[in-house]
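Enquirer: Give me coordinates for this.
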Amino acid sequence: MEEPLALHPVKLYVYDLSKGMARRLSPLMLGKQLDGIWHTSIIVHKDEFFYGSGGISSCAPGGTLLGPPDTVVDLGNTEVTEEIFLEYLSSLGESMFRGESYNLFEHNCNTFSNEVAQFLTGRKIPSYITDLPAEVLATPFGQALRPLLDSIQIQPPGGNTFSRHNGQS
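Expert: Numbering: from 1, shown residues only. Predicted coordinates:
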């Protein structure tokens, strides 16, 4: 008789990088209300995994300088073991999510979290997060700022760059 597979909880940590400033200033600057400038990460197998200009990183949950998340979204459970997950992350880090592939609007932490959430649970992260870049770029101010914003590289301090070669995260 086969042993049932263990279920591992999967969470999405959501941080507002603007610390509330987007909510206050976006109507003036963009002509529309934004509730935040979102950074996300995936919590699974007792670690927090995220993507930035330094590539895929990990830390203890809440262990970056961003501190505790503003919101925690329960994405469900996964049967994916830690070993298989770390192999998957390693392959992502060598292909789609290398540090030099980072782009603030088109290939960012939220793109990573969405990809990993679908791999682990079959569910996407909330659309208010993934739709934010298009909302900003749809405004005249967003278009005017795009050349400057495209040059911004974000890497939350406090994590360790993920590498399968350094053992566990």
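Enquirer: Can you give me the neighbour number for L34?
Expert: 22 (other CB atoms under 10 Å). Using the backbone N, CA and C atoms, a C-beta is placed for each residue, glycine as well.
Enquirer: now do the one 3 residues further on
Expert: The number of residues packed around I37, counting by other CB under 10 Å, is 17.
Enquirer: hang on, isn't it packed against L17?
Expert: Yes - shown here, I37 and L17 form a contact pair, counting by CB atoms under 8 Å, at 4.5 Å.
Enquirer: Tabulate the CA atom coordinates of stretch 48-60 in CSV.
Expert: Extracted C-alpha coordinates of stretch 48-60, given in CSV (Å, rounded to 0.1, in the frame of the first residue of the first chain):
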residue,chain,number,x,y,z
GLU,A,48,10.7,32.5,1.8
PHE,A,49,11.7,32.6,-1.9
PHE,A,50,11.8,35.7,-4.0
TYR,A,51,13.3,37.1,-7.2
GLY,A,52,15.1,40.4,-7.8
SER,A,53,18.0,41.8,-9.8
GLY,A,54,20.3,39.4,-8.0
GLY,A,55,18.4,36.3,-9.1
ILE,A,56,16.4,33.9,-6.9
SER,A,57,17.0,34.4,-3.2
SER,A,58,15.7,32.8,0.0
CYS,A,59,15.6,33.6,3.7
ALA,A,60,13.6,32.7,6.8
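Enquirer: So which bits of the helix or strand harbouring L25 are buried?
Expert: L25 belongs to helix 21-30 when assigned by DSSP states H and E. Neighbour-count burial for helix 21-30, with 16 or more other CB atoms under 10 Å as criterion, is recorded at A22, S26, L30.
Enquirer: Tell me the one among those residues nearest to D47.
Expert: A22 (28.0 Å; CB to CB).
Enquirer: That'll do, ta.
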